[in-house]
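Visitor: my questions concern the predicted model and sequence given below.
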Amino acid sequence: MIAASATTPVTGHTRAADVVHRRSGTGDHTGDVAFPVFSTTLASNFIMGVDLMASRGTGAVVTLGDSITDGTRSTPDTNSRWPNQLARRLLAGRGKHKMGVLNMGISGNRVISDGAGVNAQARFDRDVLAQAE
């Protein structure tokens with residue numbers, strides 16, 4: 001368990017395009033096989049990531065960008081951001097090779113200078129290259 005401590009400001013999604021349902025209280029829930037009854041709805045996303053087991057041969061594409069990639073002006077709760085559209089097209093494609101799409105867009109983000117959070121160049125290693133294979 002990680003001890004509670006002061007935090008620095010985080011890069012967040014203040015205009016999340018989907019409602020997130022948090023289904024756990026505080027503590028380590030990595031061994032849980034079912035979601036606890038506790039549930040809250042959040043208007044902003046603070047989830048850093050979710051690791052999934054995929055079948056052999058499954059790859060991933062990372063979309064790195066600003067508000068257009070993040071989903072600004074897309075209809076909430078419809079998964080209609082352009083990375084969602086890309087994911088649907090990749091899944092519908094021919095062949096056995098499947099691809100996941102990781103949306104690393106942040107509204108207000110900039111390429112070289114900091115805007116909403118650190119710039120894309122500074123987060124490239126963490127948000128693109130360091131993603132699990």
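Guide: Yep, it's here. Just so we're clear, the structure is a prediction, and the values are computed from it rather than from any experiment.
Visitor: mean confidence score for the helix or strand that contains F124?
Guide: Here F124 sits within helix 120-124, counting by DSSP states H and E. Regarding helix 120-124, the rounded mean pLDDT is 91.
Visitor: alpha carbons only: can I get that helix in CSV?
Guide: What follows is helix 120-124, C-alpha atoms only, in CSV (Å, rounded to 0.1, in the frame of the first residue of the first chain):
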residue,chain,number,x,y,z
ALA,A,120,3.8,16.4,-25.7
GLN,A,121,7.5,16.3,-26.4
ALA,A,122,8.3,15.9,-22.7
ARG,A,123,5.7,13.2,-22.2
PHE,A,124,6.4,11.2,-25.4
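Visitor: who touches that helix?
Guide: L64, G65, D66, M104, N109, R110, V111, I112, D114, G117 (Cβ atoms under 8 Å, 6 or more residues apart in numbering). In this view, the C-beta of every residue, glycine as well, is placed from N, C-alpha and C.
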